[in-house]
Every structure is written in C-alpha cells, then in structure tokens.
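*Asks:* Compute the structure for the input listed below.
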Amino acid sequence: MKKTISLFAAALILFFIPACKKDKAQSKTELLTSGSWKITAAVSDDDGNGSYETDDFAFFPPCFKDNFLSFSINGQVVQDEGLTKCDVTDPQTETSTWSFSNNEMNITIDADTYDLMELNNSTLKVKQNLSGGRSSVVTLTKR
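*Replies:* Model prediction:
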C-alpha cells in the first residue's frame, strides 16, 4: 500500500509541476531594440598600446550623461537629450540610422562603425577603432 501511495504521489507531482522549458534565446536585434540605453562608461587607448588609460566618461558634462538611445527594429535610432540639455536650443530628440554588419559583429550608427564587444539584456559595449592604432570603448546600460 505504501508503495502505491508513493507512486501515486510521485505521479501527481510530475503531473502538476510544469516541465522546465528553456528560455528562447533573443537575437541581437531583439536585445538591442528591447529598451533604451544610457552611456555609463567610456574609455580610450590614446597611444595604441591596448591599454585603456583615459576615462573619457569622467569628462562628459552631466547634461550629456543623462542622454539615452532607443533602437528600433526598422533601423532607426533615436537619441534623447534626457532631462537636461547641454544647449537649450538643441532638439529633445534626433533620429538617425543603425544596422548590423559583418555577421552581426559590427554595428553602424550613421556613418560610424563599431565592433560589437558585448550585447546582452543589460549591457551594450562597442569599440571604435581610430587612426594610429588608437581606439575607444563605450559601455551603455539598459535603462
């Protein structure tokens, strides 16, 4: 009798506990377009030695640090000035274009192409290669 009750209990547990399902992996486009992004770090390698010795973000004015970007699946990106504008005559938003290239290893915003270093639910990190071996890395965090 105990064995029958144990089997019955086990069957009930298996029946009522939903099967674990794997989360559907999001595409890079879905990750990029699922929210807005705010710059939270920017560093540069000014001498081309591979070490990012300059904290550019520290030099950004507060009115720039509250800006954010919103990417759309239609290839548009909107930059919003946030709560404070650096120049009151600037428009609140500006629209430009974006696209992936090189098998989604690069992202182009307007005419600037960046290496996609990281893209997940919370972080977008891009690298821009500059002349003379110099480069800069910008990290954006989902708002």
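*Asks:* what about the residue nearest the centre of the chain, helix or strand, and which?
*Replies:* The geometric centre of the chain, computed from its C-alpha atoms, lies nearest to Leu124 (CA atoms, centre = their mean), at 2.7 Å. Applying DSSP states H and E as the criterion places Leu124 in strand 123-129.
*Asks:* Quick check: buried residues in that strand?
*Replies:* Thr123, Leu124, Lys125, Val126, Lys127 (16 or more other CB atoms under 10 Å). Bear in mind the C-beta positions are built from the backbone N, C-alpha and C, glycine included.
*Asks:* cool, stretch 91-102 as well?
*Replies:* Residues Trp98, Phe100 are the ones in stretch 91-102 that count as buried (16+ other CB under 10 Å).
*Asks:* TSV for the buried residues of strand 123-129, including distance to Ser99 and pLDDT?
*Replies:* As requested, these are exported to TSV (distance: CB to CB, whole Å; pLDDT from 0 to 100):
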residue	distance to Ser99	pLDDT
Thr123	20	98
Leu124	15	98
Lys125	18	98
Val126	14	98
Lys127	17	98
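*Asks:* From those residues, pick the one nearest Ser27.
*Replies:* Distance to Ser27 across the buried residues of strand 123-129 (CB to CB) is lowest for Leu124, with 14.1 Å.
*Asks:* who does the closest one bridge with?
*Replies:* Leu119, Leu140 (DSSP bridges).
*Asks:* In contact with it: list those residues for me.
*Replies:* Leu32, Trp37, Glu118, Thr139, Leu140, Thr141, Lys142 (CB atoms under 8 Å, 6 or more residues apart in numbering).
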